[in-house]
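Visitor: Just need the structure, nothing else, for what follows:
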Amino acid sequence: MGTEIERKFLLKNNQWRKLGEGELYQQGYLSTDIERTVRIRTVGKKGFLTIKGISQNTRREEFEYEIPFEEAKWMLDVLCKRPLIEKTRYKIADKDLVWEIDEFWGENEGLIIAEVELRDVNRTISVPDWIGKEVTEDPAYYNANLVKHPYSQWKNDKK
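Guide: This next block holds a predicted model:
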């Protein structure tokens, strides 16, 4: 059984942009229930099916399987809820961690989030200078919730 331990942050500035190249991701959800999400994703010419359990204190069960690209693309086009999540992901190594910066497009354009996956929920991390406020516990920033409430619809006080 797979487990994901992830923390999410907003960014203070654009210093991270000079540290890595991005790759286009497209993903959609078959289920966005609070207790489980089922996601289809394409990255380059690869397709993935991911099932995640409920998030509890930065930790949740996660199962991910590679599936044929054409099948993933068909599910995104036909079966997934709208809007699809479109983003460029940048992977930036910092000490022994890899930060994943997601710059969103489409209905979530303007939102940029940094995520870091950890092996231990109690691990203390030192954050790079470009990392801002932590939003790990704010469900508004979960990708599955960005389908239901896209960033373009948020009030200015939340942005």
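Visitor: From here on, just use CA atoms for contacts and neighbour counts.
Guide: OK.
Visitor: Give me the neighbour count for Val121.
Guide: Neighbour count of Val121, defined by other CA atoms under 10 Å: 14.
Visitor: so when I look at it, I'm seeing a helix, right?
Guide: No: Val121 sits outside any helix when classified using DSSP: H, G, I helix; E, B strand; the rest coil, being coil.
Visitor: what sits against the residue nearest to it when sequence neighbours are not counted?
Guide: Once flanking residues are discounted, Val121 sits nearest to Ile5: 6.2 Å by CA to CA, 6 or more residues apart in numbering. By CA atoms under 8 Å, 6 or more residues apart in numbering, Ile5 lies in contact with 58-60, 117-121.
Visitor: what bridges to Ile5?
Guide: Counting by DSSP bridges, Ile5 is bridged to Arg59.
Visitor: all strands for the protein, in order.
Guide: Secondary structure of the chain (DSSP state E): strands located at 3-11, 22-31, 36-43, 46-53, 59-67, 85-94, 97-104, 112-117, 131-134.
Visitor: confidence score at Lys158?
Guide: With respect to pLDDT, Lys158 scores 64.
Visitor: these two touch, right, Ala93 and Trp99?
Guide: Yes: Ala93 lies in contact with Trp99 (CA atoms under 8 Å); the separation is 6.2 Å.
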